[in-house]
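Undergrad: Next input, structure requested:
(chains A, B and C)
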Amino acid sequence: MSWFFKSKQIQLSILVFFFLVGFVPYFFKMPPVEDFANNLTRIAAVVGNFTIVIAVYSQWRRSLRFIREKRKGWAYHIYLLILMSMMIIIGFTLGEHHTAYKWLVSTIVTPLSSVFYGILAFYMSSACARAFRARSPKAAFLIIAGCIVLLYQAPLTGAFLPGIEPYSLFLTDNLGMALSRMFAIAIVTGAIILNMRMLLGRELAFLGFAREES
Amino acid sequence: MAKPLLEIPIIPTGRFIGLVLLVILAILAIRQMRAKKMPFIRRVAALDAIDDAVGRCTEMGRPVVVSYGIGDFSYSVIAALSILGYVAKICAETDTRLIVPTGGGHSSYVVRETAVDIVRSQYILAGKPETFREEDMPFLSGEQYAYTSGYTGILIRERPGATIMTGSHASEAVNIAEQSNLVGAITITSGTYVSNMAALACASDYIMLMDEQPAAGAYLSKNVDQIATIRVQDIYKALAMVLIVVGLVLMTVFKSDLILRLLDT
Amino acid sequence: MVEKKVSLLQWMATYDQRWVYLILFLVVLGPMVSPIGMPISVSASTRNWYEKVTALKKGDIVLDSWSTEYSGYMELKPGLLATHRMLINKGVKLFVCLGHPEGFAVANVVFEEELKSYMDKHNYKYGVDYIILGYVFPNVASTIAAVTNFQDAVKTDWKGVSIKGTFLDRIKTGADITMIVDFTTGAGNPGLIDHIVLRFGTPMIQNPIGVSLPGALANLDAKLLQAVLASARGGAELEYLIREPGPGLIMMDAFSLGHYMVIIFIIIGNIGYFGWTKRERARERTTIR
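TA: Numbers count the residues shown, from 1 in each chain, chains lettered A, B, ... in the order given. Predicted coordinates:
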């Protein structure tokens, strides 16, 4: 039976079949097929979320190994396991609207994720300070344009330097928007070609086949 | 939306031209795949740097950290898995330690299983299955910032020689790229979203922009037929440029919305 | 051993990045602790947002989409709170759809803490004027199901209470929604534009975070969005417009100074580059070994 799951041809056939299930109703009016495709997507999303069970098991296994072998940072793994277990038990027994769960989320999870989001500002600033060097005329133009937009973005600038607005808006509404559209076109083109290679069996890494195996 | 040029009963409005373009693309791709001669493709610095980066890690005795993103199976994650397989092959052959932090998204565990399979396969094909360590592919978390903190912790503790961060990374990409810089690793990233591309370009040593990442699998394979498909991307971009210019001229000079109506067919 | 003295230009070229973190931290912390009250200007995009929200009428049903977790909420907070104050003032009916599992923490904070007194003042009640449906749009397929046949797809709110008998009985398809107001950290629900705006012509306005702004502006230019509020700065301008000072205006002093600091660091780095790094490299190339 394992030959069935290991067969490249069968996996590709399944891939092509489900591709057509999604592709065809998008371009041709077929309500029953479209409903089937939408239901499939929702089922896949639900099934995908159940893999969290495997993730929890994997984390327990890894953390217990760290603790047993007293590797660097093993104490943090104890904290992780305790917190993870508390949230799972409280979430399942009392529900996510219970005060205890809300307290855990608001005192631990939300401040931590906010801090990591806030750190971005420092990292972006240091990246800009390090990377923006006028090594060439093009780089110099980029820096000047960037500084104009940065100046405009600061609300105080508009109050004492209103004349900067048209230049900054020109840069963001013309050059910036052209870039984001160009980006979208290039990305989508690349994605379509990649998908074409997948359907034709030339890109098999995602099916778990190494290049030599294929 | 402009009034379409044609109303076709069985095709929803605005999708016919898309179907035509996709069919043309499929035909072009298949024709290109029959190419016998290696087409000219410009160097993609970031992809060429992967070999040098892994070589540097081997010489210094430091690990390579590779990640494929936080999303579920999208085109960028699939492209990143190709890169992961390529790096795993080199690491298996050169006995360089490979660390792959996984997680970050709600469906990321599904992708992890594929990533583990890919890396394990490369070690088996290199004849060194015993050197594969699944614990070097830890599932950090299903939440973006918890994953980020675990990832940066790995970078600080393990001090890799290279960080190859491809696939779909959102705002955590800048965190990770800067931290990688701070520990002195070569940082190779890819810009999947226009929102983090600029910051990643500042923070990374090498960056794959736009369609360079989807082309990575083909580029690294060095197969004639796969590299030929990269030409189709360029043909399509040229077609888009022509449509934009023609549409611009028609709308500005002739006040005609023909191209808009054509695209809305 | 004699330590070589580091010149000012060399320091400007090679300073430790931690100086950037420290100085930026102090520059941002100062105005947050002791606000300066710097003036701000209101941009055209914020005025456009203000007009779109003001044009809503009492009883209109608005899909309030929050595709943000708590960290993104910190940046969207000014615009989110100011807009909701306007919506509550107008007496608009809201149904809140969360696009992220962590969004329920945001909903708790917004409706049970931040806006509670404002809602009490305007007699804005849960179940009558607003309903939180929870994480109902995890993907595009769910969005399609909801906007095609809302009554079949969504039956309860986020606490499992039936929504029958509420204003949501009026929603049969996406065409019954008056407007979509989307607060997103960029990983938003593409189904809103693809399957509601394009399909039913429902107007949509969006408040993205700063880094997602270029994409949102492209959608605005393509008339897929009617208005865009530019992250925290737009939120602060909106607070100023509606005369309801809040977290946005408090942030703006630090916001402005932080931007100026980045420009100053770029200038310092370039002075160091031209004054020291380039010369050092030229010297290394010409040195006879």
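
Undergrad: Specify the local secondary structure of B:Thr265.
TA: Assigned state for B:Thr265: coil (three-state reduction, DSSP: H, G, I helix; E, B strand; the rest coil).

Undergrad: Check it and give its pLDDT.
TA: Looking at B:Thr265, its pLDDT stands at 76.

Undergrad: Could I get the contacting residues of B:Thr13?
TA: B:Thr13 sits next to B:1, B:4, B:7, B:264-265 when contact means CB atoms under 8 Å, 6 or more residues apart in numbering or on different chains. C-beta coordinates here come from the backbone N, C-alpha and C atoms, glycine included.

Undergrad: Over to C:Val6?
TA: C:Thr14.

Undergrad: lowest average confidence, helix or strand, in chain A?
TA: The weakest-scoring helix or strand in chain A, judged by mean pLDDT, DSSP states H and E, is helix A:2-6 (a mean of 76).

Undergrad: which two from the contacts of B:Thr13 end up farthest apart in space?
TA: Largest separation among the contacts of B:Thr13 by CB to CB: B:Met1 and B:Glu7, giving 12.6 Å.

Undergrad: Whether the helix or strand hosting B:Met241 contacts chain A - can you check?
TA: Taking DSSP states H and E as the definition, one finds B:Met241 inside helix B:224-252. Yes - using CB under 8 Å from any CB of the partner chain, helix B:224-252 reaches chain A at B:225-226, B:229-230, B:232-233, B:236-237, B:240.

Undergrad: could you flag which of the contacts of B:Thr13 are buried?
TA: Among those, those buried by neighbour count (16 or more other CB atoms under 10 Å in any protein chain shown) are B:4, B:264-265.

Undergrad: Make CSV out of these and add distance to chain C.
TA: As requested, the buried ones among the contacts of B:Thr13 are exported to CSV (distance: CB to the nearest CB, whole Å):
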residue, distance to chain C
B:Pro4, 13
B:Asp264, 11
B:Thr265, 15
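
Undergrad: what number of residues lie near residue 184?
TA: No chain was given, so I picked chain A. By the measure other CB atoms under 10 Å in any protein chain shown, the count of residues near A:Ala184 is 14.

Undergrad: Chain B is the one I meant
TA: B:Gly184 has 11 neighbours, counted by other CB under 10 Å.

Undergrad: same thing with the one 4 residues further on?
TA: Other residues lying near B:Ile188 total 27 when counted by other CB under 10 Å.

Undergrad: Now chain C against chain A: closest residue?
TA: Ranking the residues of chain C by distance to chain A (CB to the nearest CB) places C:Ser41 first, at 3.0 Å.

Undergrad: what's the helix or strand for that residue?
TA: Applying DSSP H and E, one finds C:Ser41 in no helix or strand.

Undergrad: now check stretch B:104-123, is it near chain A?
TA: Yes - using CB under 8 Å from any CB, we find that stretch B:104-123 touches chain A at B:106-107, B:109-110, B:114, B:117-118, B:121-122.

Undergrad: quick one: buried residues of that stretch?
TA: Within stretch B:104-123, judged by 16+ other CB under 10 Å, the buried ones are B:104-112, B:114-123.

Undergrad: which of those residues come close to chain C?
TA: B:His106.

Undergrad: and the buried residues of stretch B:104-123, which of them are in helices?
TA: Within the buried residues of stretch B:104-123, residues falling in helices by DSSP state H are B:108-112, B:114-123.

Undergrad: I'd like the residues of helix B:224-252 next to chain A written out as JSON lines, with neighbour count, distance to chain C and pLDDT added.
TA: Shown next, in JSON lines, are the residues of helix B:224-252 next to chain A (neighbours: other CB atoms under 10 Å in any protein chain shown; distance: CB to the nearest CB, whole Å; pLDDT from 0 to 100):
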{"residue": "B:Asp225", "neighbour count": "19", "distance to chain C": "33", "pLDDT": "76"}
{"residue": "B:Gln226", "neighbour count": "21", "distance to chain C": "30", "pLDDT": "77"}
{"residue": "B:Thr229", "neighbour count": "27", "distance to chain C": "26", "pLDDT": "81"}
{"residue": "B:Ile230", "neighbour count": "22", "distance to chain C": "26", "pLDDT": "82"}
{"residue": "B:Val232", "neighbour count": "24", "distance to chain C": "25", "pLDDT": "84"}
{"residue": "B:Gln233", "neighbour count": "24", "distance to chain C": "21", "pLDDT": "84"}
{"residue": "B:Tyr236", "neighbour count": "22", "distance to chain C": "19", "pLDDT": "85"}
{"residue": "B:Lys237", "neighbour count": "17", "distance to chain C": "17", "pLDDT": "87"}
{"residue": "B:Ala240", "neighbour count": "17", "distance to chain C": "15", "pLDDT": "87"}
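
Undergrad: This completes my enquiry, with thanks.
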